[in-house]
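Asks: need a 3D model of the following:
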Amino acid sequence: MVMICDSDTLKVKRRLHHRDDAGCWSLAYTGGGAMGLGLEHSLQVWDVAGRRMLHQVSDHEDTVSTVAMSADATRLVAGSYDGTLS
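Replies: Got it, this is the predicted structure:
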């Protein structure tokens with residue numbers, strides 16, 4: 001689970017259940033409400049406000065360790081310990 005908190009009060013604003021028992025290794029968030037999550041062997045793109053997963057890429061052979069997203073949320077890149085980018 002990933003929790004989105006208010007930066008001033010630290011109160012939880014959203015909870016996203018990504019259904020990966022191994023946990024979330026990295027994430028990238030835009031103020032517009034898009035988020036990329038780097039998980040065990042996969043990358044997920046989420047609509048935070050709608051609390052729904054939009055897309056998943058599961059072609060990594062190892063943990064997705066790094067995620068970066070453009071400010072306008074049109075581009076996302078993920079790096080894995082297996083040496084690949086998606």
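Asks: okay, and the beta partners of residue 52?
Replies: The partner list for residue 52 in beta bridges (DSSP bridges) reads residue 47.
Asks: pretty sure it contacts residue 46?
Replies: Yes - between residue 52 and residue 46 a contact is recorded at 7.0 Å, counting by C-beta atoms under 8 Å. C-beta coordinates here come from the backbone N, C-alpha and C atoms, glycine included.
Asks: tell me what the lowest-mean-pLDDT helix or strand in the chain is packed against?
Replies: Ranked by mean pLDDT, DSSP states H and E, the weakest helix or strand in the chain is strand 2-5, scoring a mean of 82. Here strand 2-5 touches strand 12-16, strand 24-29, going by 3 or more C-beta pairs under 8 Å, 6 or more residues apart in numbering; DSSP states H and E.
Asks: kindly export it (C-alpha atoms) in CSV.
Replies: Presented in CSV, the C-alpha positions along strand 2-5 are these (Å, rounded to 0.1, in the frame of the first residue of the first chain):
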residue,chain,number,x,y,z
VAL,A,2,1.1,3.5,-0.8
MET,A,3,-0.2,6.4,1.4
ILE,A,4,-0.4,10.0,0.1
CYS,A,5,-0.1,12.5,3.0
